[in-house]
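**Q** Sharing a model that was predicted from the sequence below.
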Amino acid sequence: MADERATDFAIIGGGIVGCCLAYDLTQQGHSVALFDRRELSREASRASAGIISAPSPRSGDTLPLAERSFKRYPELIRDIEARAGFSTGWHATGMTALSTQATGEGRAAFLDFYREHGIQAEVLDQQSLREQEPAIHEQFVAGLHLPQVASVRLDQVSRAMAIAAAQAGARIHEHEAVNEIEVRNGRAGAVRTVNGRYPAGTVIVAAGAWSRMFGEMLDIEIPTVPVRGQMMAVTDVRPPINSVLSYDAVYILPRADGSVAAGATEEPDSGFDSTVTPEGLAWLTGKAAAIAPAFASGKLAATWAGLRPGTLDGAPLIGPAPHLDNVWIVTGHFRGGALLAPGTSELVIESIASGEVHAALMPFALGR
Ligand SMILES: Cc1cc2nc3c(=O)[nH]c(=O)nc-3n(C[C@H](O)[C@H](O)[C@H](O)COP(=O)(O)OP(=O)(O)OC[C@H]3O[C@@H](n4cnc5c(N)ncnc54)[C@H](O)[C@@H]3O)c2cc1C
């Protein structure tokens, strides 16, 4: 089979991470070939709730990525929507973390953090909370409201990025699985699919929960773990939900199309099974109704599930492959990939351009 034209970058995986890298690289003048074994963004990035949550004291080592992403998102969405010509479902509702206690011990620390990081935040007392969110359960007496938080349809964001990348010359290969990365003398030369051999200067593995199989191929450890998340959406919720509401690791979110989604289960033993289960939906309905009882009487509109790219220690895996000059692994964003993708992409590209891994990426090195 003849070689295809060489590109600067071959990106394996067309979820939010791969699409964002393709977009950013092409905007900087690089040539890119992007591969997905299915259509773009069918996996975690399609299942995602797409909440672009604010950096927080719980961001840990991902804080620099989260901050970059959070600041960048509004303009990024404007840019890609203008280029692609369709809406990404960006819905700037803000987010309210609900509390059953009028004063919380950790609240002051959170407020200090937000002030220091230039993130708007406001404590809502019982009365203002109820005025803002009349649908919430009576158990809640206070809330921490972050007005800049938004949500998106992440599959639409990925697709808009890929379209904008294609307009800038990227070649997008859907339904074309990469089944080999050719390595010679410590360097990757090309990727292979059933359709051909694609030479590339640098290969980026952004295959989400499936990245592990490239580790076996490259003789390195890429310890990704699929973690299923189930979600559901209802319509006709009255009174309406006005912002993303979170409590007890579950959130409900009003979406741009008028539906209200709830998520998500966290099932680390799911393997690669991304089916929806009756138990999962019953659990979600119960949790969502504990936030806003009206959720349970909404009309069921959709259910879905996806496999988050988890890792053994919970932190992303971002860095050059040990012993291979020109292969980067960019995955493992677990529950935060919608937020973290743009910041990740910027830092990865800066690192590749400078030849030195950015300090903010060091905690995510492979083989740590
Ligand atoms: C239910 C749920 C809710 C979530 N909610 C949020 C949220 O509100 N906010 C947030 O920040 N994050 C959220 N996340 C997490 C976020 O969606 C993920 O971290 C992110 O989508 C991961 O993107 P990815 O590109 O790494 O992986 P994926 O989107 O899974 O993309 C990987 C791609 O690689 C492709 N691929 C695999 N093997 C090959 C191969 N051999 N050749 C070519 N292509 C291949 C796959 O087909 C897939 O398209 C949620 C996730 C889930 C599942």
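**A** Sure, I can see it.

**Q** Hmm, residue 284 and residue 296 touching each other?
**A** No. Here residue 296 lies out of contact with residue 284, judged by CB atoms under 8 Å, at a distance of 10.5 Å. Backbone N, C-alpha and C define where each C-beta goes, glycine included.

**Q** Please compare those two by neighbour count and tell me which comes out ahead.
**A** Taking other CB atoms under 10 Å, residue 296 and residue 284 do not tie; residue 284 has more neighbours (23 against 14).

**Q** isn't there a helix covering that one?
**A** Yes. Under DSSP: H, G, I helix; E, B strand; the rest coil, residue 284 falls within a helix.

**Q** Show the pLDDT at it.
**A** For residue 284, the pLDDT comes out at 97.

**Q** how much space between it and the ligand?
**A** Distance from residue 284 to the ligand, counting by CB to the nearest ligand atom, to the nearest Å: 10 Å.

**Q** do residue 46 as well
**A** Using CB to the nearest ligand atom, residue 46 is found at 7 Å from the ligand.

**Q** Then residue 248?
**A** 16 Å.

**Q** In contact with the residue nearest to that residue when sequence neighbours are not counted, which residues?
**A** Excluding the flanking residues, the one nearest residue 248 by CB to CB, 6 or more residues apart in numbering is residue 287, at 6.8 Å. Residue 287 makes contact with 248, 250, 262 under the criterion CB atoms under 8 Å, 6 or more residues apart in numbering.

**Q** Around the ligand, which positions in the stretch 101-250 of the chain sit nearby?
**A** Counting by CB under 6 Å from any ligand atom, the stretch 101-250 of the chain comes close to the ligand at 154, 177, 178, 206, 207, 208, 209, 210, 229, 231.

**Q** Kindly recompute the last result at 5 Å.
**A** Within reach of the ligand by CB under 5 Å from any ligand atom, the stretch 101-250 of the chain has these residues: 177, 178, 207, 208, 210, 229, 231.

**Q** Let's have the residues you listed in a markdown table, adding pLDDT and neighbour count.
**A** A markdown table is the format used below for those (pLDDT from 0 to 100; neighbours: other CB atoms under 10 Å):
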| residue | pLDDT | neighbour count |
| --- | --- | --- |
| 177 | 98 | 16 |
| 178 | 98 | 25 |
| 207 | 98 | 29 |
| 208 | 98 | 25 |
| 210 | 98 | 21 |
| 229 | 98 | 23 |
| 231 | 98 | 23 |
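
**Q** Identify the farthest-apart pair in those.
**A** Largest separation among these by CB to CB: 178 and 231, giving 28.5 Å.

**Q** shaky segments in the stretch 1-150 of the chain?
**A** Scanning the stretch 1-150 of the chain for pLDDT under 70 picks out 1-2.

**Q** quick one, strands of it?
**A** Counting by DSSP state E, counting those that start in this stretch, the stretch 1-150 of the chain has strands at residues 7-12, 32-35, 51-52, 95-99, 122-124, 142-146, 150-151.

**Q** Relative to residue 366, tell me which of those wins on proximity.
**A** strand 7-12 (15.5 Å).

**Q** So in the protein, which helix runs the longest?
**A** Counting residues, the longest helix found in the chain (DSSP state H) is helix 63-84.

**Q** Which other helices and strands does that one contact?
**A** Counting contacts by 3 or more CB pairs under 8 Å, 6 or more residues apart in numbering; DSSP states H and E, helix 63-84 is packed against strand 51-52, helix 154-167, helix 337-354.

**Q** how does it look with 10 Å?
**A** Counting contacts by 3 or more CB pairs under 10 Å, 6 or more residues apart in numbering; DSSP states H and E, helix 63-84 packs against helix 16-27, strand 51-52, strand 150-151, helix 154-167, helix 337-354.

**Q** Of all the ones you listed, which one comes closest to residue 68?
**A** It's helix 337-354; of the helices and strands packed on helix 63-84, that one is closest to residue 68 (CB to CB) at 3.4 Å.

**Q** Convert the closest one to CSV, retaining C-alpha atoms only.
**A** The C-alpha trace of helix 337-354 is given here as CSV (Å, rounded to 0.1, in the frame of the first residue of the first chain):
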residue,chain,number,x,y,z
GLY,A,337,-11.8,16.2,30.2
ALA,A,338,-14.5,18.7,29.0
LEU,A,339,-12.9,21.4,31.2
LEU,A,340,-9.3,20.3,30.9
ALA,A,341,-8.9,19.7,27.2
PRO,A,342,-8.1,23.3,26.0
GLY,A,343,-5.5,23.9,28.7
THR,A,344,-4.0,20.5,28.1
SER,A,345,-3.7,21.1,24.4
GLU,A,346,-1.9,24.5,24.9
LEU,A,347,0.6,23.0,27.3
VAL,A,348,1.3,19.9,25.2
ILE,A,349,1.9,22.1,22.1
GLU,A,350,4.1,24.5,24.0
SER,A,351,6.1,21.5,25.4
ILE,A,352,6.6,19.9,22.0
ALA,A,353,7.6,23.3,20.4
SER,A,354,10.2,24.0,23.1
